[in-house]
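Undergrad: What follows is a predicted structure for the sequence shown.
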Amino acid sequence: MTDSVEAKADDDSAEGTPEGPSGYAAARLRLLNEEARSGPPRRSALSGLTDQWLAALAAGAAGETGVAGYALVAVGGYGRGELSPRSDLDLLLLYDGSAGQDRISALADRIWYPVWDLGLDLDHSVRTPAEARATAAEDLKVQLGLLDARHIAGDPALTASLRTAILADWRNQAPKRLPALHELCQERAERQGELSYLLEPDLKEARGGLRDATALRAVAASWLADAPREGLEEARTRLLDARDALHLVTGRATDRLALQEHDQVASALGLLDADALLRQVYEAARTISYAADVTWREVGRVLRSREARPRRRGLLLGRGRTDPVAASAERTPLAEGVVEQEGEAVLALAARPERDPVLPLRAAAAAAQAGLPLSLHAVRRLAAAARPLPVPWPAEAREQLLTLLGAGEATVQVWEALEAEGLITQLLPDWERVRCRPQRNAVHRWTVDRHLVETAVRASGLTRRVGRPDLLLMAALLHDIGKGWPGDHSEAGEVIARDVAARIGFGRADVDTLALLVRHHLLLIETATRRDLDDPVTVRGVADVVRDTGTLELLHALTEADALATGPAAWSNWRASLLADLVKRVAEVLAGGEVPEPADTEPTAEEERLAVEAARTGGPVLALHAHAEPDPEGGDEAAPEALGVELLLAVPDRPGLLAQAAGVLALHRLTVRAADLRAVDPIGEGPVTLLSWRVAAEYGSMPEAARLRADLGRAFDGSLDIEARLAEREAAYPRRRALAAPPPRVTVASGSSRVATVIEVRSQDAPGLLHRIGTALAATGVSVRSARISTLGANAVDAFYVVGADGAPLGEIRAAEVAREVEQALR
């Protein structure tokens with residue numbers, strides 16, 4: 001409720017009549033505060049209470065103005081009797097034209113102004129029936145609202161007449177209006193995204209939200225097609241309940257379920273936690289999305305059939321001529337028991353799902369391979385007659401599952417159809433724990449279950465790179481299956497993967513391989529981006545885990561598929577090159593070679609030129625190069641996340657170099673996406689540090705190289721107070737964060753290197769973070785020998801190879817002290 005309504009409720013509420021503003025406000029407040037009444041009963045009661053108040057207003061106003069031929073009509077959500085606590089009132093004042101315009105305007109003012117005085121949002125219009133029909137004919141949104149017209153006050157015959165006419169118009173215009181409605185839904189989905197996968201979804205506008213549910217009601221009202229009704233009303237009710245709770249928690253008319261509201265909304269709905277809330281919302285959205293997909297396919301089929309019918313009547317079909325309608329209904333075999341009919345995969349007339357336990361998988365695989373959706377009737381018949389597969393599965397069942405997974409993008413719609421009818425959890429009971437499970441990580445674009453399917457989709461494009469594509473696809477489907485269980489998801493997933501693989505019918509050696517792939521699916525990417533690949537301990541450690549080249553190539557492909565399915569921030573040419581370099585080194589060891597001792601990497605010609613100049617001048621020398629990686633999704637244009645600049649910096653070695661250089665970049669609002677640091681001695685007169693940065697402007701354009709060089713020089717000679725400048729900017733432009741980030745964690749990666757101690761820092765990314773880390777390390781007295789800097793979404797995972805004053809790795813106790821001091825500085 002608005003403050004105005006609450007104020008009215010508190011102002012002599014006991015003396016107000018139910019029809020008066022104070023009485024209505026008080027009754028409304030009591031109703032919304034009743035814990036025993038929520039959901040549909042509360043929405044209905046609130047609508048009824050508002051009807052009573054508005055009817056009294058309208059009757060009084062009509063008496064004062066002398067208007068007789070009018071009707072006050074609720075439309076839209078209010079017309080459906082679904083008022084949420086902060087819903088606006090959608091009202092139409094209908095009049096027959098017998099009264100003059102002045103009296104109608106006076107009548108409208110006497111109804112609208114009391115609503116505004118209470119602070120309620122009002123969407124209103126004043127029209128004759130003819131004007132209402134004409135406006136509806138021009139404006140699809142108006143027509144949709146009028147489909148739910150409901151009488152409140154005045155002449156009920158006027159409302160009934162308009163409602164009958166609007167429904168007749170809608171049904172007559174359905175062949176033109178429904179495609180326009182479908183296009184409207186698609187455009188909205190493009191703007192708002194899919195409710196089923198968003199961390200901060202719009203419950204109304206996102207795909208699978210309340211707008212789509214309303215669109216399905218409109219399709220049903222056209223009598224052209226109908227939506228699958230099972231579970232649809234329950235799903236819609238859950239979204240409405242979530243919106244009610246959101247309105248009460250926030251005190252605002254909002255439909256966006258923001259992160260900071262999750263816990264309170266979950267509590268208001270009596271749910272265990274915020275994850276339970278999101279899971280419930282996601283499940284409801286999937287039900288609506290699937291119903292919408294099925295319904296719009298049916299609308300398209302019916303409209304195509306109607307278009308073909310007149311053409312058929314105009315044809316004089318001779319001998320040997322084909323009836324176009326009959327041709328569209330032809331059944332083309334796809335697999336045993338499965339045929340194509342009118343653009344869908346359906347069951348053959350002779351199919352007997354009650355006698356054929358493999359048929360669900362065979363039908364799904366055939367549909368996906370043909371790029372067709374499974375018909376609703378087929379999926380429901382398969383679900384109703386499904387028989388449990390024997391354990392272990394017969395070879396055909398396993399092969400059909402792998403065929404489904406290897407179909408690429410077409411896998412997704414078929415998998416969703418199976419999941420909507422419960423077939424996936426029948427086949428893979430462990431799927432239930434990851435189904436609709438949210439991932440509270442901005443890097444991930446999907447829920448856990450959809451991410452697993454998307455990883456299989458990505459892996460299907462990499463099957464030519466491995467000797468065992470079946471194991472790759474299965475590992476892709478299972479690699480995060482442990483996220484539904486407590487503890488490390490890789491360890492839990494290994495146990496589940498063993499069980500699932502054995503039940504599906506893989507042999508013992510294959511079960512071991514799948515378990516290894518699931519257990520270590522993060523090994524390659526973490527090692528490639530966080531460890532020194534020139535260190536033999538790094539390469540040997542990976543080789544000892546992987547054991548053979550066949551498993552290595554599987555793990556390589558799985559790593560790439562996983563990253564591509566995660567989101568744009570998880571994959572880039574830089575990550576791909578690091579991964580390929582690591583795989584090449586490990587492959588050499590597995591082939592019988594020895595791990596080479598660390599050797600100084602030869603600088604490029606440009607790096608050597610910069611280093612020589614830095615050594616001669618004693619100051620910083622830098623070069624900037626445009627850096628735009630191809631879109632990881634496969635498009636021609638660069639992805640926004642990948643745009644930036646490669647900055648090469650050569651500086652005579654000095655204490656605190658990393659912190660100073662990173663601080664200057666932060667002052668210029670440059671975000672460090674990746675960095676590499678190493679030392680060279682180009683002319684034999686002392687070491688020069690080479691820093692290779694991949695940076696992007698936080699916003700605006702990149703700074704000029706001359707300005708960067710000047711500020712770097714000032715930082716190195718001590719005339720630029722980086723700490724003070726950063727503090728001033730933070731005070732002037734404080735950053736707003738929706739949620740408190742987890743605290744930073746600094747650890748010692750024992751055994752990761754022979755020549756240095758590896759300090760690993762995991763923290764929320766922020767401007768100046770690398771500067772603060774470098775300052776903290778310098779304060780401990782250690783030297784940074786090399787570094788691997790990696791930023792993934794909002795998280796930074798950095799590894800620093802440090803040595804003591806003697807140039808040797810730190811002792812165990814000293815290393816722990818350094819890690820503790822750095823973590824304390826970052827906190």
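TA: Arrived safely, thanks for sending. Keep in mind that this is a model prediction, so the values were computed, not measured.
Undergrad: now the end-to-end length of stretch 649-662.
TA: End-to-end distance of stretch 649-662: 11 Å, with Cα to Cα, to the nearest Å as the criterion.
Undergrad: Relative to the whole chain's centre, how far out is the top helix by length along the chain?
TA: When the chain is parsed with DSSP state H, its longest helix is helix 274-313. Relative to the mean C-alpha coordinate of its chain, helix 274-313 is positioned 21 Å out (Cα atoms, centre = their mean, to the nearest Å).
Undergrad: Quick check: buried residues in it?
TA: Across helix 274-313, burial judged by 16 or more other Cβ atoms under 10 Å covers 274-275, 277-300, 302-303, 308. (C-beta placed from N, C-alpha, C; glycine too.)
Undergrad: does residue 623 sit in a helix, a strand or a coil?
TA: strand (DSSP: H, G, I helix; E, B strand; the rest coil).
Undergrad: how close does it sit to residue 406?
TA: Distance, residue 623 to residue 406, by Cβ to Cβ, to the nearest Å: 46 Å.
Undergrad: what's the answer for residue 126, then?
TA: Taken as Cβ to Cβ, the span from residue 126 to residue 406 is 61 Å.
Undergrad: same question, residue 559
TA: In terms of Cβ to Cβ, residue 559 sits 18 Å off from residue 406.
Undergrad: And for residue 22?
TA: 68 Å.
Undergrad: Next one: residue 260, what pLDDT does it get?
TA: Residue 260 carries a pLDDT score of 92 in this model.
Undergrad: again with residue 68
TA: Looking at residue 68, the pLDDT reads 89.
Undergrad: OK, contacts around it?
TA: 62, 98, 99, 155 (Cβ atoms under 8 Å, 6 or more residues apart in numbering).
Undergrad: ok so, going back, residue 623 and residue 406: who's more crowded?
TA: residue 406 (21 against 14; other Cβ atoms under 10 Å).
Undergrad: Can you list the low-confidence ranges for the stretch 251-400 of the chain?
TA: 308-329 (pLDDT under 70).
Undergrad: ok, now with 90
TA: Applying pLDDT under 90 to the stretch 251-400 of the chain flags residues 304-336, 342-343, 369-370, 386-387, 395-396, 399.
Undergrad: Chain neighbours aside, what residue packs nearest to residue 694?
TA: Closest residue in space to residue 694, ignoring its immediate chain neighbours: residue 674 at 4.3 Å, by Cβ to Cβ, 6 or more residues apart in numbering.
Undergrad: In terms of helix, strand or coil, where does that neighbour fall?
TA: strand.
Undergrad: Relative to residue 693, how far out is it?
TA: For residue 674 relative to residue 693 (Cβ to Cβ), the value is 8 Å.
Undergrad: C-terminal to the lowest-mean-pLDDT helix or strand in the chain, which secondary structure element comes first?
TA: Least confident helix or strand, the chain: helix 324-328 with a mean of 46, by mean pLDDT, DSSP states H and E. The element immediately downstream of helix 324-328 (helix or strand, assigned by DSSP states H and E) is strand 332-335.
Undergrad: how distant is the helix or strand just after that next one from the center of its chain?
TA: Per DSSP H and E, the first helix or strand lying C-terminal to strand 332-335 is strand 338-341. Strand 338-341 has its C-alpha centroid displaced from the chain centroid by 33 Å (Cα atoms, centre = their mean).
Undergrad: just checking, what packs against strand 338-341?
TA: strand 332-335, strand 344-347, helix 359-370 (3 or more Cβ pairs under 8 Å, 6 or more residues apart in numbering; DSSP states H and E).
Undergrad: hmm, try it at 6 Å
TA: Packing partners of strand 338-341 (3 or more Cβ pairs under 6 Å, 6 or more residues apart in numbering; DSSP states H and E): strand 332-335.
Undergrad: what's the burial count for residue 273?
TA: Neighbour count for residue 273, taken as other Cβ under 10 Å: 12.
Undergrad: For it, give me its contacts.
TA: Taking Cβ atoms under 6 Å, 6 or more residues apart in numbering, we find residue 273 in contact with residue 266.
Undergrad: Okay, and residue 491 sits in which element?
TA: Here residue 491, judged by DSSP H and E, is contained in helix 489-504.
Undergrad: For that helix, C-alpha coordinates in PDB please.
TA: Taking C-alpha atoms only, helix 489-504 is exported to PDB below (Å, rounded to 0.1, in the frame of the first residue of the first chain):
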ATOM      1  CA  HIS A 489      30.700 -30.500  -6.000                       C
ATOM      2  CA  SER A 490      33.500 -32.200  -7.900                       C
ATOM      3  CA  GLU A 491      34.000 -34.700  -5.200                       C
ATOM      4  CA  ALA A 492      30.300 -35.300  -4.800                       C
ATOM      5  CA  GLY A 493      29.900 -35.500  -8.500                       C
ATOM      6  CA  GLU A 494      32.600 -38.200  -8.800                       C
ATOM      7  CA  VAL A 495      30.500 -40.500  -6.600                       C
ATOM      8  CA  ILE A 496      27.300 -39.800  -8.500                       C
ATOM      9  CA  ALA A 497      29.000 -40.100 -11.900                       C
ATOM     10  CA  ARG A 498      30.300 -43.600 -11.000                       C
ATOM     11  CA  ASP A 499      26.800 -44.700 -10.000                       C
ATOM     12  CA  VAL A 500      25.100 -43.200 -13.100                       C
ATOM     13  CA  ALA A 501      27.700 -44.500 -15.500                       C
ATOM     14  CA  ALA A 502      27.400 -48.000 -14.100                       C
ATOM     15  CA  ARG A 503      23.600 -47.900 -14.300                       C
ATOM     16  CA  ILE A 504      23.600 -46.600 -17.900                       C
END
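Undergrad: Now that helix: buried residues?
TA: For helix 489-504, by 16+ other Cβ under 10 Å, it's 489-490, 492-494, 496-498, 500-504.
Undergrad: How about the contacts made by residue 307?
TA: Counted by Cβ under 6 Å, 6+ apart, residue 307 has zero contacts.
Undergrad: cool, and residue 505?
TA: Residue 505 is in contact with 392, 393, 398, counting by Cβ under 6 Å, 6+ apart.
Undergrad: Without its sequence neighbours, what residue ends up closest to it?
TA: Nearest to residue 505 is residue 392, by Cβ to Cβ, 6+ apart, at 3.8 Å.
Undergrad: For the stretch 101-250 of the chain, give me the ranges with low pLDDT.
TA: In the stretch 101-250 of the chain, residues with pLDDT under 90: 119, 198-199, 224-231.
Undergrad: on that earlier part again, show me what the helix holding residue 491 is packed up against.
TA: Checking 3+ Cβ pairs under 6 Å, 6+ apart, helix 489-504 ends up next to helix 508-519.
Undergrad: Render the CA-only coordinates of the helix it packs on in PDB, please.
TA: C-alpha atoms of helix 508-519 as PDB (Å, rounded to 0.1, in the frame of the first residue of the first chain):
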ATOM      1  CA  ARG A 508      34.400 -50.500 -15.500                       C
ATOM      2  CA  ALA A 509      37.200 -48.800 -17.300                       C
ATOM      3  CA  ASP A 510      34.800 -46.200 -18.800                       C
ATOM      4  CA  VAL A 511      33.200 -45.700 -15.400                       C
ATOM      5  CA  ASP A 512      36.600 -44.900 -14.000                       C
ATOM      6  CA  THR A 513      37.400 -42.400 -16.800                       C
ATOM      7  CA  LEU A 514      34.000 -40.600 -16.400                       C
ATOM      8  CA  ALA A 515      34.600 -40.400 -12.600                       C
ATOM      9  CA  LEU A 516      38.000 -38.900 -13.200                       C
ATOM     10  CA  LEU A 517      36.600 -36.400 -15.800                       C
ATOM     11  CA  VAL A 518      33.900 -35.200 -13.400                       C
ATOM     12  CA  ARG A 519      36.300 -35.100 -10.400                       C
END
